[in-house]
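Enquirer: Have a look at this prediction, sequence included:
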Amino acid sequence: MTLFPVVMPVIEVGHKPSGQDKVDHLSRSAREALKLSAEKSGVRLGELRKDEKGVPRPVNGNYWSLSHKPKYVAAVVSNGKVGIDIEEIKPRSESLFSHVASDNEWRLKDRSWDTFFCYWTAKEAILKVIGIGIGGLKTCRIISVPDENHITLDYKGHSFLVEQLRYKNHIVSVLKDDNQIEWVILDKS
């Protein structure tokens with residue numbers, strides 16, 4: 001199957017929302033990206049619901065995943081379980097390196113903020129596929145980095161291939177496995 005992950009800027013509004021209004025606004029923006037991913041995939045989505053754990057439920061046999069940050073959102077729809085995550089590359093506390101990856105994982109690629117967010121988004125995308133939160137971060141392991149745009153991970157004996165996109169100081173990760181990926185990038189310019 002060909003997946004069409006969509007990356008787009010957050011929809012502008014006349015005011016700067018905060019608190020729950022901001023979260024709702026980002027969610028609406030991500031759902032617009034999901035709508036475009038569904039259109040590109042020839043899929044018609046209905047009402048989007050989540051289970052009691054907050055995991056997206058399939059709609060008409062199609063799985064979906066959303067991610068949002070203050071500047072950009074990402075979304076994808078698939079006929080199989082799928083996960084997507086987006087993060088802005090910006091330095092944080094150095095102590096986070098050990099929370100995201102083990103020493104063995106850090107030996108696979110240079111220890112930098114770019115690698116940190118590659119690892120973080122790859123793991124987040126897979127944890128979304130599995131249906132658990134970031135509590136599973138240490139159980140999800142990077143096992144190889146075949147090239148600049150792919151990471152292979154293991155979660156309890158199951159292997160996953162993630163494709164990544166770098167865009168305007170952000171990294172986006174989506175479960176690839178046997179699928180073809182055609183990124184859809186929308187921007188203001």
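Expert: Nice, I can see it.

Enquirer: ok, Trp172 touching Ile89?
Expert: For residue 172 the amino acid is Val, not Trp. No - counting by CB atoms under 8 Å, Val172 does not reach Ile89; the two are 11.2 Å apart. C-beta here means a position set from N, CA and C on the backbone, and glycine is covered the same way.

Enquirer: When these two are compared, which one has more neighbours?
Expert: Higher neighbour count among Val172 and Ile89: Val172, with 27 against 18, using other CB atoms under 10 Å.

Enquirer: Contact partners for the more buried one?
Expert: For Val172, the contacting residues are 5, 7, 67, 74, 84-86, 121, 164-165, by CB atoms under 8 Å, 6 or more residues apart in numbering.

Enquirer: Across the sheet, point out what pairs with it.
Expert: Beta-bridge partners of Val172, counted by DSSP bridges, are Ile86, Leu165.

Enquirer: Can you tell me the SS state at Val162?
Expert: strand (DSSP: H, G, I helix; E, B strand; the rest coil).

Enquirer: Val13 versus Thr121, what's the distance?
Expert: Applying CB to CB, to the nearest Å, the value for Thr121 to Val13 is 26 Å.

Enquirer: Looking at those two, which is more packed in?
Expert: Thr121 (27 against 11).
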